[in-house]
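Novice: Provide a 3D model corresponding to the input given below.
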Amino acid sequence: MGRPPPIPLLLPLLLILTNAAAFTPADNYLINCGSPESTPLDDGRVFKSDPQSSSYLSTDEDILASLPNISSPSLYATARIFHHLSMYRFLISKPGLHWIRLHFYPLPHPTYNLTSATFTVTTDDTVLLHGFSAATSKTIIKEYLINATSDKLTLKFSPMKNSAAFINAIELVSAPDDLIPDTAAAVSPAGEFSGVNKHSFEVSYRLNVGGPLVTPKNDTLSRTWLPSDAYLAFPEGARNVSVPTDTITYPKGGATPLTAPYSVYATADQMADSSTADPNFNLTWKMSIDPSFSYLIRLHFCDIVSKGLNELYFNVYINGMTGAANLDLSALTSGLAIPYYKDFVLNASAITNGSVVVQVGPTSNVISALPNAILNGLEVMKMSNSAGSLDGLFSADGKKRGQSSVMRVAGEVGLALGALASLLLLFASLRWCRKPRGYEKQKTFSSWLLPLNSSQCSFMTSKSKSTTFSTISGGLNQLGRFFSLNELKEATKNFDEKSVVGVGGFGKVYLGEIDGGATKLAIKRGNPSSAQGINEFQTEIQLLSKLRHRHLVSLIGYCDEQSEMILVYEYMSNGPLRDHLYGPAALPPLTWRQRLEVCIGAAKGLHYLHTGAALDPALPREQVNLAEWAKQQHAKGATEKIVDPVISGTIGKDSLIKYVETAEKCLAEYGVDRPSMGDVLWNIEVVVQDEV
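Specialist: I've put the predicted structure just below:
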């Protein structure tokens, strides 16, 4: 007999074998529906036959489909068909996270056309599929991760009227309880998202970045990891890199082989021109998703490209927003070739064009680092909505819930307008001496109702007494106080022209008084000739009534009597911001600190609006002329020209430079280079501290 290998050579193998066998599922239901015999797969799993699993099935039908002359075992050679509601009931020995994998392939059948079969699949609490149809003649695997909370789990198949449901194979398998932590990094706005475990998940994408296909045979949790090449936006800019799997060392208290297998962390994509001094692009992966849902995005990293510690620094972007900056994997893991993962939550309202875009690129803040960026693995998981659904707005009990699409669309429009306002406001606070032509003749309400309520700024503090309003039932109930037309006529002296404080495309705005003159209101009365219809009117009420923030003008109520369309807002008694910047000479000029406070107020209001929605700041240059002019002056070294001469001698040099740099970053060519509203807010507050 030969001598046994030295102990050090055995350790990597023992570690792999120990970790690979570290998880044994408490529940492991594998069913090949319609199959007369059990089906072994090459990964070692065995799917029970239809007779062996009959005790789980509750149905009054026995309709099967099969392919003739199948020589090798397959999960797609047979199927069960349901013309009426049918269900599988499983006993759960250990409540917690469970995988559900549903296999579909529309087999031919003399009675039922399975390519046109339309049906719904639900568990006790979660809608997995709603109105699903396997219209293509391809195998489809739907994979879910749900939290089984009781000792039983029911899987229901509900055919649509005059249709059928079918299923080829079912997997219900326990998953590690710590596979999904309860917190993740929120992308928009940046922060922490808690309560992740309250959701169910559908796996939309699972990619082995830079590596080959990983099959269930090579994954302890029987997962499939697809190659990422099909989703890489610029393949020529990426280069695959790989190392032997035995060089990967999992950390204590971090990623494990259950998080992702060795083969995922041992391969990666890095930048093809990582040796150049100034790479001018990011590695980008783009995947189509359902924009009406939020998503959990897990990125897997393992520094297999560096030769020493602290050599690799890079940024992570998700849908153009910074997810992580100056990421140093060796500092996070205290070594090289050590797996690390990071979870992000992308809110539905931050999704544009029905896609999620993940980018990694070199940072410009660390001069000593070699410009490079890597990604080893990528998972995108749809999160259940407020209805407990992963497909539509209906809950498992058939009731419709979830976020209003009207609210979502209106919110996106408001954010787009807010983006433009924020850019203009940054420079407007510095320079408004050059009055626009015909200013004295202008009397528009649009600027007067700027979503800004700077209650912390002394020059705009309102002394109006607050009033508690009640709501009535009706089509717009619980959306604010309903004012009768007579009430508003009395408040405005029958809409006296002397009470007009502004005019806009929607109509005139009147100053009104109630409570014996103690409370002042801004009453926006729709013009019959306005293009805004009743639907737009209701949408505006639904949107504005949900916004409550000290830096946003609040909607108090409405009136829709006698075909009127009237909105009632709180009244800003100190008038519009433009009056304080370049209005009547009687108003004292704003100090530098006051102007900064205005910007902070606007930033806080916009930051509030950005909660759950992302800014896609792709505005035409010609729409921000003032900002362009300021940029040109700054580029010429004439920054002082953009400062209001009234306060030019009161601003510290460092304070002004920091402010201008912040504003200039907002106008960066590419979205990934622009700061979030939270970053803008932080920078301006730093400027204020510098002035103290």
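
Novice: show me where the stretch 101-250 of the chain has strands.
Specialist: Ranges of strands in the stretch 101-250 of the chain, per DSSP state E, counting those that start in this stretch, are 119-122, 127-132, 140-148, 152-159, 165-167, 169-174, 183-186, 191-194, 201-208, 226-227, 238-242.

Novice: Using CSV, lay out the ones you listed together with mean pLDDT, mean neighbour count and distance to F47.
Specialist: Any C-beta I mention is one placed from the backbone N, CA and C, and that applies to glycine too. Conversion of the strands of the stretch 101-250 of the chain to CSV gives the following (pLDDT from 0 to 100; neighbours: other Cβ atoms under 10 Å; distance: least, Cβ to Cβ, whole Å):
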stretch, mean pLDDT, mean neighbour count, distance to F47
strand 119-122, 97, 23, 19
strand 127-132, 96, 20, 20
strand 140-148, 97, 19, 14
strand 152-159, 97, 19, 15
strand 165-167, 98, 24, 12
strand 169-174, 98, 22, 6
strand 183-186, 95, 18, 34
strand 191-194, 91, 13, 37
strand 201-208, 98, 22, 20
strand 226-227, 98, 16, 22
strand 238-242, 95, 17, 33
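
Novice: In contact with D579, which residues are there?
Specialist: Counting by Cβ atoms under 8 Å, 6 or more residues apart in numbering, D579 touches L587.

Novice: quick revisit: columns distance to G354 on top of the strands of the stretch 101-250 of the chain, output as TSV?
Specialist: Formatted as TSV, those follow (distance: least, Cβ to Cβ, whole Å):
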stretch	distance to G354
strand 119-122	23
strand 127-132	18
strand 140-148	19
strand 152-159	27
strand 165-167	27
strand 169-174	29
strand 183-186	21
strand 191-194	22
strand 201-208	12
strand 226-227	20
strand 238-242	24
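
Novice: Please name whichever of those is nearest to G44.
Specialist: strand 169-174 (13.5 Å; Cβ to Cβ).

Novice: closest to V680 out of the strands of the stretch 101-250 of the chain?
Specialist: Judged by Cβ to Cβ, the one of the strands of the stretch 101-250 of the chain that comes nearest to V680 is strand 191-194, at 15.1 Å.

Novice: if we can go back for a sec, mind checking the strands of the stretch 101-250 of the chain for the one nearest to W629?
Specialist: Across the strands of the stretch 101-250 of the chain, closest to W629 is strand 191-194 (Cβ to Cβ), at 34.8 Å.

Novice: coming back round to it: which one of the strands of the stretch 101-250 of the chain lies closest to D27?
Specialist: strand 169-174 (4.6 Å).

Novice: and that closest one, which strands flank it?
Specialist: Applying DSSP bridges, strand 169-174 is found paired with strand 28-32 (antiparallel), strand 96-104 (antiparallel).

Novice: does D50 sit in a helix, a strand or a coil?
Specialist: Judged by DSSP: H, G, I helix; E, B strand; the rest coil, the three-state class of D50 is coil.

Novice: least trustworthy helix or strand in this protein by mean pLDDT?
Specialist: helix 7-20 (a mean of 42; mean pLDDT, DSSP states H and E).

Novice: ok so, going back, TSV please, covering the strands paired with strand 169-174 and showing mean pLDDT.
Specialist: Shown next, in TSV, are the strands paired with strand 169-174 (pLDDT from 0 to 100):
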stretch	mean pLDDT
strand 28-32	98
strand 96-104	98
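
Novice: could you show me where the helices are in the stretch 201-350 of the chain, in order?
Specialist: 262-265, 329-333 (DSSP state H, counting those that start in this stretch).

Novice: Deepest-packed of the ones you listed, please.
Specialist: Stretch with highest mean neighbour count among these: helix 262-265 (a mean of 27; mean count of other Cβ atoms under 10 Å).
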